[in-house]
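**Student:** I need the structure of the sequence given here:
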Amino acid sequence: MPRNFYIAIEGAIGVGKTTLARLIKDEFEAELLLEVFEENPFLSDFYADRERYAFQTQIFFLLSRYRQQHRVIRQTLKRSSLISDYTFAKDRLFAHLNLGDEELSMYERVHTILAEKIPTPDLVVYLQADTDILMERIAVRDRSYERGMSRDYIDSLRLAYERFFATYTEAPVLAIDTNDLNIVRHPEDLAQVVGAIRSALTQGIYRQPLPQIEPAVGAESGEGEIGFAENRRRLGDFQRWHLALDREKGLLADLYFNFICLTEKVGNLGAQLKDVWAAQETLYDAIGNRQEAQDRALQERLPDLREELADCLAYLLKLANYTGVDLEQAYLARMGVRQERA
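**Tutor:** As a prediction, the model looks like this:
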């Protein structure tokens, strides 16, 4: 572990950044650097009218964060370790979410000049939570200027963080899913987080371990399912797993390249189905029962079809990650619309 280290805690609004920073301060014998967001005079107006007050709010935050971090971080690290509840880099994330083209261009010029003078963390702890969990935590802390926050804004912010850290390379990142953690009420949850941070600092384990995938009962014979080892998962879990896998392996997070890969896999699936159709017609001529012919043709090529369908799903999940779409939520919403039309 570095003698004096700098840890920055990140994540969407309401995820628990400041709470965690305060709770682990003594564990790591570190000083705190907390964001002074309440001093922004435009903040309450921004939440009431985002479009009108976005630029003023963002520029104030940019200059405030620069003023706070420019000297404090270096001076503190000379005498002690430091834990902060934000990174300077995240300012651009909010800017891209809230600013229009001309305002964003001006912002980028200022940010580029200032960012060169800000120290990089030794470790970024990225806290994750689902949108509904974030909304619950925001409601519980009941800050006056946050009462007008819409769920859509928090959801877009959460997805922006996912995209941001999917390609973030400035510092090592430890991602922690906080959906089922309560570090305030449950000491064992806090101990789990502290242990993960210590491991990241001492052993260089910067990514959240990938879930272990293993065949379910009967999978060896092609009759079972392939699932996560711990328990049954939903589509969103597989989507997050692919995001973690891309980070772990350094895979190319390119929207268009992966779309091309998806179309290639769909083509492969089409070729397999073409072979099934040809075999089906041959069998039909021999046995005279079309359904039986199709069943037998499919069964003969089932292993190849299974692989091609799995590849198609994998690239579809990756595309959902790169576009910031919660695929399960989008599917349910879309199917709900179709059901109403029917």
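
**Student:** Could you list the domains of the chain?
**Tutor:** Listed domain ranges for the chain are 6-203, 212-342 (source: automatic domain parsing).

**Student:** just how off-centre is the longest one within its chain?
**Tutor:** I take that to be domain 6-203. Centroid separation between domain 6-203 and its chain, computed with C-alpha atoms, centre = their mean, to the nearest Å, is 14 Å.

**Student:** How many residues are close by the closest residue to L251 other than its chain neighbours?
**Tutor:** Leaving out its chain neighbours, the residue that sits closest to L251 by C-beta to C-beta, 6 or more residues apart in numbering is L245, at 7.2 Å. C-betas here are computed from N, CA, C, even on glycine. As a burial measure, L245 scores 16 neighbours (other C-beta atoms under 10 Å).

**Student:** show me where pLDDT drops low in the stretch 1-150 of the chain?
**Tutor:** The model of the stretch 1-150 of the chain has pLDDT under 70 over residues 1-2, 37-38, 40, 144-145.

**Student:** which stretches of it form strands?
**Tutor:** Using DSSP state E, counting those that start in this stretch, the strands found in the stretch 1-150 of the chain span residues 6-10, 30-33, 81-84, 123-128.

**Student:** got the ones you listed as TSV, with distance to Q294 and mean neighbour count columns?
**Tutor:** Shown next, in TSV, are the strands of the stretch 1-150 of the chain (distance: least, C-beta to C-beta, whole Å; neighbours: other C-beta atoms under 10 Å):
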stretch	distance to Q294	mean neighbour count
strand 6-10	53	25
strand 30-33	66	17
strand 81-84	62	24
strand 123-128	44	24
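
**Student:** For D45, find the nearest of these.
**Tutor:** D45 lies closest, by C-beta to C-beta, to one member of the strands of the stretch 1-150 of the chain: strand 6-10, at 25.1 Å.

**Student:** Report the angle between the closest one and strand 123-128.
**Tutor:** 20 degrees (axes from the mean of the first three to the mean of the last three C-alpha atoms, to 10 degrees).

**Student:** Report the strands that pair with strand 6-10, each with its relative direction.
**Tutor:** Strand 6-10 has its sheet partners listed here by DSSP bridges as strand 81-84 (parallel), strand 123-128 (parallel).

**Student:** Now distance to E264 too, for the ones you listed, in a markdown table please.
**Tutor:** Converted to a markdown table, those look like this (distance: least, C-beta to C-beta, whole Å):
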| stretch | distance to E264 |
| --- | --- |
| strand 81-84 | 44 |
| strand 123-128 | 31 |
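
**Student:** Select the longest helix from the chain.
**Tutor:** Scanning the chain for the longest helix, with DSSP state H as the assignment, gives helix 255-287.

**Student:** so what does the helix or strand following that one touch, helix or strand wise?
**Tutor:** Once the chain leaves helix 255-287, the next helix or strand it forms, by DSSP states H and E, is helix 290-300. Secondary-structure packing of helix 290-300 (3 or more C-beta pairs under 8 Å, 6 or more residues apart in numbering; DSSP states H and E): helix 255-287.
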